[in-house]
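Give me the fold of what follows.
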Amino acid sequence: MKIFTTPMCQEAVRLAGVLEYTVKTDNDFEGADLAIVLSETETKIPAIKIKLNTFKQIHESIDKISKALGTEKLDTEEFKEDYQEDVNPEGNRCDERKKIKVKVYSNFIRDIVEDMGFALVEEKPDFVVFPDYLKDDLNPDFMKETEFRGSRAVEIPSHKNAPKNPLERAQLRYHILEKRLCMKP
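Reported below is the predicted structural model:
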């Protein structure tokens, strides 16, 4: 079976125990029997569509690939401790996350903020969290809100500016949010 994937999904494919696959940077999957791609990617061939924003999504995606292809997953234990520290409110430095109101400007950030247990709001947020690609956006409402929030505006690296490895990327993003959103006002 000829399997194609993208650079963003490559590490999940590897961790799922898939030994033979081709990484395509142009999303041209012609000639492949199967594509393993991010959930929002359109393909004309059969595909396993995965999400890699949260630790839970990453592990579910690795399981999904492994089960679909009958492969044996590789060990990802080293990241479980970070996940427990960043997501589990019981043992965490920030026990009152539900009281911290956060407005997000991206679906991938929404997934992470929800997973970490913060309250998502549209109005009167304590923090505004946005992907780095919006900082150059000329949208006056967005610019006004981030300027108003100052240190309460948190920039998160997008796929383009974060590690390709989804576990490392999630770890970076969770740590940024943990550090910035759980700080004392």
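
Tell me which helix or strand Glu168 sits in.
helix 166-181 (DSSP states H and E).

any low-confidence regions in this protein?
Within the chain, the set of residues satisfying pLDDT under 70 comprises 78-95, 136-150, 183-185.

give me that answer again for 90
Applying pLDDT under 90 to the chain flags the ranges 25-28, 74-99, 132-153, 159-161, 164, 181-185.

how does it divide up, domain by domain?
Listed domain ranges for the chain are 3-69, 78-181 (source: automatic domain parsing).

Pull the contacting residues for Met1.
Counting by CB atoms under 8 Å, 6 or more residues apart in numbering, Met1 touches Asp33, Leu34. Bear in mind the C-beta positions are built from the backbone N, C-alpha and C, glycine included.

Is it correct that Glu30 falls within a strand?
No. Per DSSP: H, G, I helix; E, B strand; the rest coil, Glu30 lies outside any strand segment and is coil.

What about it, how many residues nearby?
8 (other CB atoms under 10 Å).

picking that back up, give me the distance between the helix holding Glu168 and the centre of its chain.
The chain centroid and the centroid of helix 166-181 are separated by 9 Å under CA atoms, centre = their mean, to the nearest Å.

And it, what does it pack against?
helix 10-15, helix 55-69, helix 77-87, helix 107-116, strand 127-131, strand 153-156 (3 or more CB pairs under 8 Å, 6 or more residues apart in numbering; DSSP states H and E).

Quick check: chain neighbours aside, which residue is closest to the residue nearest in space to the middle of the chain?
The residue lying closest to the centre of the chain (CA atoms, centre = their mean) is Asn53, at 1.9 Å. Take Asn53 and drop its neighbours on the chain: the residue closest to it by CB to CB, 6 or more residues apart in numbering is Asp111, 4.1 Å away.

what's the answer for Leu177, then?
Met116 (6.1 Å).
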